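A.B. asks: build me a model:
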Amino acid sequence: MSIEPRARVAPERVLPSPAPMAPETAAQQRVVQRICTRVAPAGVDVGVAELPPGGLQVWIDTPMGEQEPWVLYHRMAREVALVGWHCEADADRLLVLGWSAACLHNRVRLLQSGLRRLTDFEPTAQRAVQLDGRSPDDEHPSHLVAAVCAAIERRLRWPERLAELDGFERSSGLPHLQLLLAQVTGLETKIAGACEEHLVMARVLARAVCEHYAQHADLSRARREVLAESRRWVHASSMIRGSATARPVSPGAGRPHLSLAERRIAASVINHGVPRAIPAVVTPRAGRTGLQEDAR
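C.D. replies: Numbers count the residues shown, from 1 in each chain. The predicted model follows:
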């Protein structure tokens, strides 16, 4: 296993030193704090500090009751290792050391798998038209749509995990690890874009259900109508990802009729289209014209 070289760490917990942290270490500490706080049960205080001469140490000061602390440390280690760090957990603390090639390869596979699953928009469409079990009679449509989008964002899981890495510039002095980090960053950008597409569709469909319901006061009918209107837009190949490929359009070809929900989805999705290529104008160099004429 390839990890960044580190000096020997202290055999027991080391109190934080008063010396100021390096900016990259402070950013890493914030990320580890966010991840461990998410994993820890409510009410458990998680401490994170620099570990001389390198790395971070994580500990729990809150009594755990019947649960053994090492169980929580191993859960934290599993989540932190998904970012790409080498972790070591025992009964007293969690050590977060340098980047690990094995952990980064695992993150690449995880991101690729998540990106493949995000190409299926059908589950998101179904949940959006169900309005997360809410009724338009109970709250204002704008609040209802926001609640539905928040629920779908939680189910996607990726937005929350990517938000934990905000403000953290990842780098390594080892070239092969730096290449892996660049690959991870690129996949994370694609994941974030795919999640945004899901949320755009959920917002449009939930709003359309509320508007249909306002017309005839039949929620089941409104759900069926909106889902039927947006059926061909649910599939990634024809809805959003299809906009990434420029298609030639014949001058006389007519546009297909789009329903209201379909037009709103098309208008709301970020334009990922490929810019149209502009042919370059070649200007002959001075003297070339005369040479060509002589050649004739």
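A.B. asks: burial measure for residue 210, as a count.
C.D. replies: 20 (other CB atoms under 10 Å). (Each C-beta comes from the backbone N, C-alpha and C, glycine too.)
A.B. asks: quick check: closest non-adjacent residue to it.
C.D. replies: Spatial nearest neighbour of residue 210, excluding adjacent residues (CB to CB, 6 or more residues apart in numbering): residue 141 at 4.1 Å.
A.B. asks: likewise for residue 100?
C.D. replies: residue 86 (3.9 Å).
A.B. asks: any buried residues in the helix or strand where the one you found lies, and which?
C.D. replies: Using DSSP states H and E, residue 86 sits within strand 85-89. Neighbour-count burial for strand 85-89, counted by 16 or more other CB atoms under 10 Å, picks out 85-87, 89.
A.B. asks: tell me which helix or strand in the chain has the weakest average pLDDT.
C.D. replies: helix 288-295 (a mean of 47; mean pLDDT, DSSP states H and E).
A.B. asks: tell me the secondary structure at the residue nearest the centre of the chain.
C.D. replies: The C-alpha lying nearest the average C-alpha coordinate of the chain belongs to residue 192 (CA atoms, centre = their mean; 3.4 Å). Following DSSP: H, G, I helix; E, B strand; the rest coil, the label given to residue 192 is helix.
A.B. asks: what about the closest residue to it other than its chain neighbours, how many residues nearby?
C.D. replies: Closest residue to residue 192 apart from its sequence neighbours, by CB to CB, 6+ apart: residue 162 at 5.6 Å. Residue 162 has 14 neighbours, counted by other CB under 10 Å.
A.B. asks: now name the helix or strand holding residue 162.
C.D. replies: helix 158-163.
A.B. asks: ok, and for that helix, which residues are buried?
C.D. replies: Buried residues in helix 158-163, counted by 16+ other CB under 10 Å: 158-159, 161.
A.B. asks: can you check stretch 29-47 too?
C.D. replies: Going by 16+ other CB under 10 Å, stretch 29-47 has these buried residues: 29-36, 39-40, 44, 46.
A.B. asks: wait, which of these is closest to residue 146?
C.D. replies: Using CB to CB, residue 34 comes nearest to residue 146 of the buried residues of stretch 29-47, at 23.4 Å.
A.B. asks: how near is the closest one to residue 123?
C.D. replies: Between residue 34 and residue 123 the computed distance is 27 Å (CB to CB, to the nearest Å).
A.B. asks: just residue 62 next, same as before
C.D. replies: 37 Å.
A.B. asks: try residue 74
C.D. replies: 31 Å.
A.B. asks: would you double-check that residue 165 falls in a helix?
C.D. replies: No: counting by three-state DSSP, residue 165 falls outside a helix, being coil.
A.B. asks: mind listing what the closest residue to it other than its chain neighbours touches?
C.D. replies: Distances taken as CB to CB, 6+ apart put residue 31 closest to residue 165, at 5.9 Å, once the chain neighbours are dropped. For residue 31, the contacting residues are 83, 164-165, 168, by CB atoms under 8 Å, 6 or more residues apart in numbering.
A.B. asks: in the stretch 1-150 of the chain, where is pLDDT below threshold?
C.D. replies: Where the stretch 1-150 of the chain drops to pLDDT under 70, the residues are 1-19.
A.B. asks: so how many other residues sit close to residue 53?
C.D. replies: Neighbourhood size, residue 53 [other CB under 10 Å]: 10.
A.B. asks: got phi/psi on it?
C.D. replies: Phi and psi for residue 53, reported as degrees, to the nearest 10, are phi -90, psi 0.
A.B. asks: and after the helix or strand containing residue 215, which helix or strand comes next?
C.D. replies: Per DSSP H and E, residue 215 falls inside helix 175-216. As assigned by DSSP H and E, the chain's next helix or strand after helix 175-216 is helix 219-229.
A.B. asks: domains of this protein?
C.D. replies: 23-99, 116-242 (automatic domain parsing).
A.B. asks: how about JSON lines for those domains, with distance to residue 107 added?
C.D. replies: Below are those laid out as JSON lines (distance: least, CB to CB, whole Å):
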{"stretch": "domain 23-99", "distance to residue 107": "5"}
{"stretch": "domain 116-242", "distance to residue 107": "5"}
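A.B. asks: out of these, which comes closest to residue 106?
C.D. replies: Closest to residue 106 of the domains of the chain is domain 23-99 (CB to CB; 7.2 Å).
A.B. asks: ok, residue 126 to residue 120 distance?
C.D. replies: Distance from residue 126 to residue 120, by CB to CB: 11 Å.
A.B. asks: just the strands in this structure please.
C.D. replies: 46-50, 56-60, 85-89, 94-99 (DSSP state E).
A.B. asks: any chance of these in JSON lines, plus distance to residue 79?
C.D. replies: Shown next, in JSON lines, are the strands of the chain (distance: least, CB to CB, whole Å):
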{"stretch": "strand 46-50", "distance to residue 79": "12"}
{"stretch": "strand 56-60", "distance to residue 79": "11"}
{"stretch": "strand 85-89", "distance to residue 79": "9"}
{"stretch": "strand 94-99", "distance to residue 79": "10"}
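A.B. asks: please consider this matter closed, and thank you.
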